[in-house]
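K.L.:
Give me a 3D structure for the following:
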Amino acid sequence: MKNKLRKSSSDKSLAGVCGGLAEYFGISSFAVRLIFILLPANIIIYLILVNTMSDSPRTLY
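P.N.:
The predicted structure is shown next:
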């Protein structure tokens, strides 16, 4: 499996969760953020993902 679900290091507003989900699924990070705003249990899901998703490897650029 080539893609791994990780927090984004380049496309992040708070912790990089929405950017990481967008990179994994190949969609816009704006769409993922919009879905999180519309979900009723968005804070609980986001907090779980922040604590369980691994960080992406840091790059030099």
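
K.L.:
switch to C-alpha atoms for all contacts and neighbour counts from now on
P.N.:
OK.

K.L.:
Now do the helix or strand hosting Gly19: which elements does it pack against?
P.N.:
For Gly19, the host element (DSSP states H and E) is helix 17-25. In terms of contacts (3 or more CA pairs under 8 Å, 6 or more residues apart in numbering; DSSP states H and E), helix 17-25 is packed against strand 6-7, helix 29-38, helix 42-52.

K.L.:
Provide the angle between the direction of that helix and the direction of helix 29-38.
P.N.:
120 degrees (axes from the mean of the first three to the mean of the last three CA atoms, to 10 degrees).

K.L.:
So which bits of helix 17-25 are buried?
P.N.:
Val17, Cys18, Gly19, Gly20, Leu21, Ala22, Glu23, Tyr24 (16 or more other CA atoms under 10 Å).

K.L.:
Tell me where the model's unsure across the protein.
P.N.:
1, 60-61 (pLDDT under 70).

K.L.:
Nearest the geometric middle of it, what residue?
P.N.:
The residue lying closest to the centre of the chain (CA atoms, centre = their mean) is Val17, at 2.3 Å.

K.L.:
The helix holding Gly19 relative to helix 42-52, how many degrees between them?
P.N.:
Going by the same axes, to 10 degrees, helix 17-25 makes 70 degrees with helix 42-52.

K.L.:
hmm, back to that, find the residue closest to the residue nearest to the centre of the chain in space, skipping its chain neighbours.
P.N.:
Excluding the flanking residues, the one nearest Val17 by CA to CA, 6 or more residues apart in numbering is Lys7, at 5.0 Å.

K.L.:
Pull the number of nearby residues for that neighbour.
P.N.:
26 (other CA atoms under 10 Å).

K.L.:
can you tell me which residues contact it?
P.N.:
Contact analysis of Lys7 by CA atoms under 8 Å, 6 or more residues apart in numbering lists Ala15, Gly16, Val17, Cys18, Gly19, Gly20, Leu21, Met53, Ser54, Asp55, Ser56.
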